[in-house]
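Trainee: Mind looking at a prediction? Sequence and model below.
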Amino acid sequence: MLLRIVIDLLIAFGLIFAVAGTKGILKMPDTFCRMQASTCVSTLGVLGVCLGGLLYAIFVMGSASAAVKVALIGALIFFTNPVGSHAIAKGAYQAGIRPEKKMEIDDYGRDFDE
Amino acid sequence: MQKTKLPAVISTFVVCYIFWLLLTWSFAVQELAAGAVVSLAVALFSARFFIHEKAFWLFNPAKLLMALAFWLGTFVVEMVKANVDVARRCFGGCKDVNPGIVKVPVDLKSDYGQAALANAITLTPGTITMDIAEEEGQTYYYIHWIDVTKPSGQEAGDAIKGRLEKGLRRVWE
Amino acid sequence: MSDLMIFAVLFGVLALLNLVRLIKGPTAADRMVAGDAADICICCAMVLFSLYSGRGIYLDIAIIGALLGIIDTMLVAKYMDKGRWLKYAAKDRH
């Protein structure tokens, strides 16, 4: 019984951060801030769900292959996400997307714009 | 374009084969043989893009343990702190932001170390590495920061990546 | 037993909310970020539903979903880069 409560708490912990990230994606003022919010979904949201799922697969289902696959899904999302995030931030800046309110410090634009 | 080298092929093959074993999770002889053939083909094709120097670095147990201690210890603490900070901003109406792009000097020398530091910075919410530039032997990162509190340069660097860089230097230098 | 199902439905609702930004977003980068977040939410929902129903096949689908998510993010990023990566690669070769 205690185990089920721990699993539920872990998944709820992940869900809270996923809700925070979704609210950030919907409400943040400019493109780059939305990217920052989406990192919230893919780090602690995924970590909470995968830890809870791992405990469930090991102790409740007792299936090793399901446990390995859940851990693998977590690791894949966790370690491939920064690559895509970096690529899309750089691509957005070089495609000419700028925030509406001008940024206070913008070294990238200072060094690379014509 | 690099030439394919034997150590790079061997270490790529080992990584692919471990992935195959984890995904299939069965130890019949036919499955093992098919996995070996597929892993060898993938390793021959992709080793030259994948590994450029120090091919057997990851098979050194002491370094592996240190890397695990970094990713499970220092990094998780930093990540949870940054997550709570960004989540508070999101729930608090999304008005409390002050974005900007700062330029930060980095002291790590090896390619793997720099890649790991850039990924660790991007994985902590609130900071995204946008580009890497090299000027006069010193490496600089351009980092988008959601709440700029320090001016560009060393101070911003300490605030963003001070503890991460210390942990990574122990692994890679 | 049904608590996992409730969490899976909540993650599905989050993915639908992300679709709002995907439809509304002013630029391609916004759409891609929202699509990526929706993809991750669907992966989480699929993991939870697989554990609830006890069938392993949904886990395989979740792995494929995670891998395809990163690939299409890279594709759109390269499209927005106006092919500058190609130019860098050609410069390295000489």
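Mentor: Sure thing, it's come through.

Trainee: Isn't residue A:84 up against residue C:36?
Mentor: Yes: Residue A:84 is in contact with residue C:36 according to Cβ atoms under 8 Å; the separation is 6.6 Å. C-beta here means a position set from N, CA and C on the backbone, and glycine is covered the same way.

Trainee: If you count surrounding residues, which of those two has more?
Mentor: residue C:36 (26 against 23; other Cβ atoms under 10 Å in any protein chain shown).

Trainee: is it true that that one touches residue C:73?
Mentor: Yes: with contact defined as Cβ under 8 Å, residue C:36 reaches residue C:73; the gap is 5.5 Å.

Trainee: shared neighbours, these two?
Mentor: Here residue C:36 and residue C:73 have residue A:84 as joint contacts, going by Cβ atoms under 8 Å, 6 or more residues apart in numbering or on different chains.

Trainee: pLDDT below threshold where in chain B?
Mentor: Low-confidence segments of chain B (pLDDT under 70): B:1-2.

Trainee: what about the nearest residue to residue B:51 once chain neighbours are set aside, neighbour count?
Mentor: Closest residue to residue B:51 apart from its sequence neighbours, by Cβ to Cβ, 6 or more residues apart in numbering or on different chains: residue B:8 at 4.1 Å. For residue B:8, the neighbour count with other Cβ under 10 Å is 22.

Trainee: How far away from the center of its chain is the helix or strand residue B:8 falls within?
Mentor: Assigned by DSSP states H and E, residue B:8 belongs to helix B:6-24. Centre-to-centre, helix B:6-24 and its host chain are 19 Å apart (Cα atoms, centre = their mean, to the nearest Å).

Trainee: Also stretch B:54-66?
Mentor: Distance, centroid of stretch B:54-66 to centroid of chain: 15 Å (Cα atoms, centre = their mean).

Trainee: doesn't residue C:40 make contact with residue C:11?
Mentor: No: contact criterion Cβ under 8 Å: residue C:11 and residue C:40 do not qualify, at 9.3 Å.

Trainee: Can you tell me how far the residue nearest the centre of chain A is from residue B:125?
Mentor: Geometric centre of chain A, nearest residue: residue A:42, 1.6 Å, by Cα atoms, centre = their mean. Remark: distance between residue A:42 and residue B:125 (Cβ to Cβ, to the nearest Å) = 9 Å.

Trainee: Disregarding residues adjacent in the polypeptide, which is nearest to the residue nearest the centre of chain C?
Mentor: Note on chain C: the residue nearest the mean C-alpha position is residue C:39, at 2.8 Å, using Cα atoms, centre = their mean. Among residues not flanking residue C:39 along the chain, residue C:69 sits closest, at 4.0 Å (Cβ to Cβ, 6+ apart).

Trainee: now swap in residue A:78 and tell me
Mentor: Nearest to residue A:78 is residue A:46, by Cβ to Cβ, 6+ apart, at 6.3 Å.

Trainee: List the contacts of that neighbour.
Mentor: A:14, A:74, A:77, A:78, C:40, C:43, C:44.

Trainee: what does residue B:71 give?
Mentor: Taking Cβ under 8 Å, 6+ apart as the definition, residue B:71 has no contacts.

Trainee: same check, this time on residue C:4
Mentor: Residue C:4 neighbours (Cβ under 8 Å, 6+ apart): A:11, A:56, C:48, C:49, C:51, C:52.
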